[in-house]
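> Any chance you could fold what I've pasted below:
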Amino acid sequence: MDLALPKPPRHLLRACLTLLFLLAAPSVARAETITDEQLWVNLTAMGSVKDRLIYFAEFQPRMGDGLSRIDHAILRGAIGWKLSPSVSVYQGYAHIATPIDNGRDIHEHRAFQQLNWTLAAHRGTELTSRTRIEQRWRSNGNDMGWRMREMLRLETPFGSESAPVRALVYGEAFVALNDTDWGARGGFDQMRSFVGTEVRVAGATTLEIGYLNQAINQSGGRTRINHVASLSLFVRH
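Here you go, the predicted structure:
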């Protein structure tokens, strides 16, 4: 039996979108700012294993320091269960490698739980939510860090409902839930804001191209702003 969940009212959806995009504003405005230009590539395979059993697996190389070197390399995967046409839950694992110049590379291991929810859908326009809780371990410390991530994503077709190109915007807020000996501090961690397009390549496979702004709350009252060219390929089975 499908799990029936009520759809939130439109005024609540608008309020959530506004809150998500403005959440980081007070922290960013008061901070010393460091900037970088980056390129993020995301290759993701996703689909159904059997009936309601679903999965995704992704590889993300990220270039930083003006695209001069690998900043991070991420391998992430999850197994999930489709509770209804609009709600899915996942349990996953991620490994993140961070190269350090003239030092030992940092490796992070993450377990995470994820909830995907289609909040509203009408004539090709969709508003979706992704909530993720992470447990984080890093090679330069002993503590486990807890972090919550909330993404709101809106996509709408250019022209008819079946148009192969869609406008896409999303915002994702990160909140650390505790302090750790490897540097995490409880509270606002970062904000990501994306604007771009989604292009249908073949079948259900899509390519997302656009600009992503990443605002990271660092120690000492500093904020790091990464200006990111983002390229993501999603292969759906």
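> Report the helix or strand with the lowest average pLDDT across this protein.
Among the helices and strands of the chain, helix 25-30 carries the lowest confidence by mean pLDDT, DSSP states H and E, at a mean of 49.
> ok, then the element right after that helix?
Later in the chain than helix 25-30, the nearest helix or strand by DSSP states H and E is strand 32-50.
> elements contacting the next helix or strand after that next one?
Downstream of strand 32-50, the first helix or strand assigned by DSSP H and E is strand 53-64. Contact here means 3 or more Cβ pairs under 8 Å, 6 or more residues apart in numbering; DSSP states H and E; on that basis strand 53-64 packs against strand 32-50, strand 69-84, strand 87-98. Using the backbone N, CA and C atoms, a C-beta is placed for each residue, glycine as well.
> List the buried residues of the shortest one.
What it means is strand 87-98. Counting neighbours by 16 or more other Cβ atoms under 10 Å, one finds that the buried residues in strand 87-98 are 87-90, 92, 94, 96, 98.
> Over to the longest one?
By neighbour count with 16+ other Cβ under 10 Å, strand 32-50 contains the buried residues 38, 40, 42, 44-46.
> and what of the second one?
By neighbour count with 16+ other Cβ under 10 Å, strand 69-84 contains the buried residues 71-72, 74, 76-78, 80, 82-83.
> Ok, stretch 129-148 next?
By neighbour count, with 16+ other Cβ under 10 Å as the criterion, the buried positions of stretch 129-148 are 129-130, 132, 134, 136-138, 145-147.
> Which pair of those spans the longest distance?
129 and 138 (27.9 Å; Cβ to Cβ).
> For residue 227, which non-adjacent residue is closest in space?
Once its chain neighbours are removed from consideration, residue 227 has its nearest residue in residue 37; the separation is 5.2 Å (Cβ to Cβ, 6 or more residues apart in numbering).
> The one you found against residue 66, yeah?
Yes: counting by Cβ atoms under 8 Å, residue 37 touches residue 66, with 5.2 Å between them.
> sorry, back to before: quick one: which of the helices and strands packed on strand 53-64 is nearest residue 206?
strand 32-50 (9.9 Å).
> Can you check what angle separates that closest one from strand 53-64?
Strand 32-50 and strand 53-64 are oriented at 150 degrees to each other (axes from the mean of the first three to the mean of the last three Cα atoms, to 10 degrees).
> what helices or strands is strand 32-50 leaning on?
The criterion is 3+ Cβ pairs under 8 Å, 6+ apart, and the helices and strands that strand 32-50 contacts are strand 53-64, strand 69-84, strand 205-217, strand 222-236.
> Quick check: can you name the pairing partners of the second one and their directions?
In this case it means strand 69-84. strand 53-64 (antiparallel), strand 87-98 (antiparallel) (DSSP bridges).
> of those, which approaches residue 195 most closely?
Residue 195 sits nearest to strand 53-64 of all the strands paired with strand 69-84, at 18.7 Å, using Cβ to Cβ.
> in that closest one, what counts as buried?
By neighbour count, with 16+ other Cβ under 10 Å as the criterion, the buried positions of strand 53-64 are 54-58, 60, 62-64.
> What of stretch 190-199?
By neighbour count on 16+ other Cβ under 10 Å, the buried set for stretch 190-199 is 190-194, 196, 198.
> ok so, going back, of all the buried residues of stretch 129-148, which comes closest to residue 120?
If you rank the buried residues of stretch 129-148 by distance to residue 120 using Cβ to Cβ, residue 129 comes first, at 10.1 Å.
> The closest one contacts residue 120, doesn't it?
No: the pair residue 129 and residue 120 does not pass the contact test of Cβ under 8 Å, sitting 10.1 Å apart.
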